[in-house]
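**Q** build the 3D model from these lines:
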Amino acid sequence: MSKPKRPETKLVPVPSPNIIPERDIKQTPILECQHLGIDFGGLTAVNEFNMAIGRTEIAGLIGPNGAGKTTVFNLLTKVYQPTRGTVLLEGIDTHNMSTVQVNKAGIARTFQNIRLFDNLTVEDNVKIGLHNHVRYPMWSGILRLPSYWKKEKLAHESALELLSIFDMQHLANAKAGSLPYGAQRKLEIVRALATNPSLLLLDEPAAGMNPSETAELMDNIVKIRDTFHIAILLIEHDMNLVMGICEGICVLNFGQIIAKGTPSEIQNNPEVIKAYLGDQKEV
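**A** Okay, here's the model as predicted:
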């Protein structure tokens with residue numbers, strides 16, 4: 001039995017060439033990119049990238065392979081510094097921020113290629129993500145003072161609670177590298193959530209998952225948004241996932257945005273169909 005289709009969100013313009021969900025219009029967008037671009041030597045990889053994300057929006061960034069999607073993620077997280085343009089996080093210019101500073105300011109991400117600490121336990125991988133808000137002085141840890149054990153207990157409880165999102169708490173003591181591929185994907189999302197983000201970037205979260213795992217992931221992405229009251233931007237090639245949960249979708253081709261809109265608008269956009277989606281019957 002097919003799942004009921006989620007109602008489509010109405011998108012409205014903000015004071016820029018961008019759109020966000022109507023319910024978020026009274027608040028500053030969690031993220032706004034204005035005329036963002038980057039050149040590598042004489043090659044322009046991304047140009048005139050304009051996008052806003054509402055504070056509770058699930059947004060999608062799609063396009064053919066090589067379109068520049070992961071490059072955009074790298075610009076947002078300061079892996080690359082933009083050649084031009086502005087990235088505003090909660091209205092604050094991130095121009096002089098490093099990758100670490102952007103993470104502390106509220107952006108967390110996953111990667112196309114899984115980047116876990118394979119030889120550490122599942123729980124320890126999550127605890128690494130908790131460094132933004134579960135801390136203790138170095139001397140407290142060395143001397144094993146009561147404050148250290150108090151923080152360790154808090155980190156343990158927080159890690160198990162986060163793992164429970166994907167029903168993975170029973171795997172807390174397993175080595176991360178021993179997990180099946182789909183579980184490693186989920187663990188990377190949990191570790192990103194542990195940094196307490198206001199914006200979560202997911203780079204092809206359904207890659208390598210079977211249809212039932214993908215359906216579960218869709219439900220969990222919505223659950224994460226609703227539980228943590230955060231925004232999510234995802235790159236994904238699985239159009240059933242994108243069209244099923246994304247409210248606003250941005251389509252990138254050769255580093256340029258060719259369309260922005262709701263799922264139905266994107267599915268029926270002739271330029272998008274020609275560049276990426278193919279025959280509508282296949283979408």
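
**Q** average pLDDT across the strand or helix carrying residue 241?
**A** Element membership for residue 241, per DSSP states H and E: helix 239-245. In this model, helix 239-245 carries a mean pLDDT of 94.

**Q** for the helix or strand just after that helix, name the packing helices and strands.
**A** Sequence-wise, the next helix or strand downstream of helix 239-245 (DSSP H and E) is strand 248-253. Applying 3 or more C-beta pairs under 8 Å, 6 or more residues apart in numbering; DSSP states H and E, we find strand 248-253 packed against strand 18-21, strand 43-53, strand 58-62, strand 256-261, helix 263-267. C-beta here means a position set from N, CA and C on the backbone, and glycine is covered the same way.

**Q** paired strands for strand 248-253, with orientation please.
**A** Taking DSSP bridges as the criterion, strand 248-253 forms sheet pairs with strand 58-62 (parallel), strand 256-261 (antiparallel).

**Q** now mean pLDDT, mean neighbour count and distance to residue 33 too, for those strands, in CSV please.
**A** CSV is the format used below for the strands paired with strand 248-253 (pLDDT from 0 to 100; neighbours: other C-beta atoms under 10 Å; distance: least, C-beta to C-beta, whole Å):
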stretch, mean pLDDT, mean neighbour count, distance to residue 33
strand 58-62, 97, 26, 11
strand 256-261, 94, 19, 10
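
**Q** put together CSV for these, with distance to residue 75 on each row.
**A** Conversion of the strands paired with strand 248-253 to CSV gives the following (distance: least, C-beta to C-beta, whole Å):
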stretch, distance to residue 75
strand 58-62, 12
strand 256-261, 14
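
**Q** closest to residue 175 out of the ones you listed?
**A** strand 58-62 (31.8 Å; C-beta to C-beta).

**Q** domains in the protein, by residue range?
**A** 1-106+197-283, 116-194 (automatic domain parsing).

**Q** hmm, back to that, now the helices and strands packed on strand 248-253 as TSV including distance to residue 188?
**A** Formatted as TSV, the helices and strands packed on strand 248-253 follow (distance: least, C-beta to C-beta, whole Å):
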stretch	distance to residue 188
strand 18-21	26
strand 43-53	21
strand 58-62	18
strand 256-261	27
helix 263-267	26
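
**Q** tell me which of those sits nearest to residue 107.
**A** Per C-beta to C-beta, nearest to residue 107 of these: strand 43-53, 10.7 Å.

**Q** flag every buried residue along that closest one.
**A** 44, 45, 46, 47, 48, 49, 50, 51, 52, 53 (16 or more other C-beta atoms under 10 Å).

**Q** contact partners for the nearest residue to the last one once chain neighbours are set aside?
**A** If the residues on either side of it in the chain are set aside, residue 53 comes closest to residue 31, at 4.5 Å by C-beta to C-beta, 6 or more residues apart in numbering. When contacts are counted by C-beta atoms under 8 Å, 6 or more residues apart in numbering, residue 31 touches 51, 52, 53, 76, 87, 88, 89, 107, 199, 231, 233.

**Q** which of those residues fall within strands?
**A** Counting by DSSP state E, the part of the contacts of residue 31 found in strands is 51, 52, 53, 87, 88, 89, 107, 199, 231, 233.

**Q** most neighbours among these, please name it.
**A** residue 107 (28 neighbours; other C-beta atoms under 10 Å).

**Q** residue 32 contacts residue 88, doesn't it?
**A** Yes. With contact defined as C-beta atoms under 8 Å, residue 32 and residue 88 form a contacting pair (4.4 Å).

**Q** could you say which helix or strand holds the residue nearest the centre of the chain?
**A** Centroid-nearest residue in the chain, with C-alpha atoms, centre = their mean: residue 201, separated by 1.5 Å. Applying DSSP H and E as the criterion places residue 201 in strand 199-203.

**Q** same thing with residue 153?
**A** Going by DSSP H and E, residue 153 is in helix 146-163.
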